[in-house]
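**Student:** Starting from these lines, generate the structure:
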Amino acid sequence: MVGFALSRPRHLEPLNALRHPIAGQSNGWFVWRGPAIPRDDDKFFAPLHVEHLDEHAPELGPYLDLPPGWGVVLAPGYEDVWYDENSSTSDRSAPDRPASGGANGTSHDRWRWNTQGPGGD
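**Tutor:** Here you go, the predicted structure:
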């Protein structure tokens, strides 16, 4: 199960996702579209079976194997994959991680791409 903000329209951008540690039936992913999560809405995220995630956010599929602590922000022509240094997990490994440095000489923990390729903001 993922926590998904079903109340937000599908056309709203960007798509945000953050993986917390796995707990109970949740795989740790929380997904929402648009701006920040409202702090006063305890029911913002609804449980959604992973099998149905493709109906709501097919672009998230390639990132679902990222370990807890990692997040993504996606919009047309934009991809930001990052690690939350304050997360409660210490697993910083990621699939296809660059061997040295990220886009624009940033650390391994944050990469950014757009339609011009790595480093073009």
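**Student:** So for stretch 20-36, what gets flagged as buried?
**Tutor:** By 16 or more other CB atoms under 10 Å, the buried positions in stretch 20-36 come out as 20, 27-33. The C-beta positions use only the backbone N, C-alpha and C, and glycine is treated the same way.
**Student:** Return the closest of these with respect to residue 39.
**Tutor:** residue 32 (13.0 Å; CB to CB).
**Student:** Walking through the protein, point out its strands one by one.
**Tutor:** 2-4, 15-19, 29-33, 46-48, 70-75, 78-83, 110-114, 117-118 (DSSP state E).
**Student:** The fifth one packs against which elements?
**Tutor:** Other elements packing on strand 70-75 under the criterion 3 or more CB pairs under 8 Å, 6 or more residues apart in numbering; DSSP states H and E are strand 15-19, strand 78-83.
**Student:** ok, residues contacting that strand?
**Tutor:** 13-19, 59-60, 63, 66, 79-84, 94 (CB atoms under 8 Å, 6 or more residues apart in numbering).
**Student:** Mark which of these are buried, thanks.
**Tutor:** The neighbour count (16+ other CB under 10 Å) marks 14-19, 60, 63, 66, 79-83, 94 as buried among those.
**Student:** which stretches of this protein aren't confidently modelled?
**Tutor:** Within the chain, the ranges that satisfy pLDDT under 70 run 88-121.
**Student:** let's see it at 50
**Tutor:** 94-121 (pLDDT under 50).
**Student:** and stretch 77-86, how far from the chain's centre?
**Tutor:** When C-alpha coordinates are averaged (CA atoms, centre = their mean, to the nearest Å), stretch 77-86 and its chain have centres 7 Å apart.
**Student:** end to end, how far does that stretch reach?
**Tutor:** 28 Å (CA to CA, to the nearest Å).
**Student:** Dump the helices and strands packed on strand 70-75 to TSV, plus distance to residue 45.
**Tutor:** Output for the helices and strands packed on strand 70-75, formatted as TSV (distance: least, CB to CB, whole Å):
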stretch	distance to residue 45
strand 15-19	11
strand 78-83	20
